[in-house]
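> okay, sequence plus prediction incoming.
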Amino acid sequence: EVQLVESGGGLVKPGGSLRISCAASGFTYSNTWMSWVRQAPGKGLEWVGRIKRKTDGGTADYAAPVKGRFTILRDDSKNMLFLQMNSLKSEDTAVYYCTTDPYTSSSGGFEYWGQGTLVTVSS
Amino acid sequence: DIQLTQSPSSLSASVGDRVTITCRASQSITHYLYWYQQKPGEAPKLLIYAASKLQSGVPSRFSGSGSDTDFTLTISSLQPEDFATYYCQQSYKTPGYTFGQGTKVEIK
């Protein structure tokens, strides 16, 4: 059974940093591109960024609102995904979901999702 | 970025009703359109992929149609567990996935 479990969310001040994590199991993690999707309170879904598998270069792509502030990392030895968030703004307040990326999914969509972790940016 | 516009933003319906939600893309996305269901406090769940294919385990009362810029999600007979928010999403432009703004289906 595929499982994605996020952790590390919390309250952080504007301008601060936070790293959230996602533990993956039940599939071949190293062969899978991974994405982060967020949802501000009461709002819709927004793609944040993705990281490719190492055989495709292991590089990451980001949505414009977070480019230059957020970094996606992966540790294939531990089946872990990370989102390092710097220079946080109030508009980054959201539930952050770890998901399998459409590129390596059989359907072409976001097939598997974690339960999400809430990041609140407030003074 | 490719914009996806859903209509309506919300609707009220009764159990047993036929419900239709539309999603319009700002440019052709061929068949790279996906539909998700999200209930309060839960992660989204993939319902339809490639515009019209039913994801494994999803009830057959859900169906999708369309191509290029105009797409439809239909629930043939609304059930109590279907009251939720529905989102469309495109994977045509990658990176740069985008979602529609959502359609909330409420009980009449």
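The structure has been received and is ready for your questions.
> pLDDT wise, what is the spatially most central residue of chain A at?
Centroid-nearest residue in chain A, with Cα atoms, centre = their mean: A:Trp36, separated by 2.8 Å. With respect to pLDDT, A:Trp36 scores 98.
> where do the strands sit along chain A?
For chain A, the strands defined by DSSP state E occupy A:3-7, A:10-12, A:18-25, A:34-39, A:45-51, A:60-62, A:70-75, A:80-85, A:94-100, A:117-121.
> isn't the residue nearest to the centre of chain A up against A:Ala94?
No. In this structure A:Trp36 lies outside contact range of A:Ala94 using Cβ atoms under 8 Å: 10.2 Å. C-beta here means a position set from N, CA and C on the backbone, and glycine is covered the same way.
> quick one: the strands in chain B?
B:4-7, B:10-13, B:19-25, B:33-38, B:45-49, B:53-54, B:62-67, B:70-75, B:85-90, B:98-99, B:103-107.
> so what's B:Gly16 up against?
Contact analysis of B:Gly16 by Cβ atoms under 8 Å, 6 or more residues apart in numbering or on different chains lists B:77-78.
> hang on, B:Lys45 packs against B:Trp35?
No. Under the criterion of Cβ under 8 Å, B:Lys45 lies out of contact with B:Trp35, with a separation of 9.8 Å.
> in space, what's closest to the residue nearest the centre of chain B - neighbours in sequence excluded?
Nearest to the mean C-alpha position of chain B, by Cα atoms, centre = their mean, lies B:Trp35 at 3.7 Å. By the measure of Cβ to Cβ, 6 or more residues apart in numbering or on different chains, the closest residue to B:Trp35 outside its immediate chain neighbours is B:Ile48, 4.0 Å from it.
> and that neighbour, what's its pLDDT?
98.
> check B:Thr69 too.
For B:Thr69, the model assigns a pLDDT of 98.
> can you pull the contacts of the residue lying closest to it once chain neighbours are set aside?
Among residues not flanking B:Thr69 along the chain, B:Ala25 sits closest, at 4.6 Å (Cβ to Cβ, 6+ apart). Counting by Cβ under 8 Å, 6+ apart, B:Ala25 touches B:2-4, B:33, B:68-71, B:90, B:92.
> now swap in B:Gln79 and tell me
B:15, B:59, B:61.
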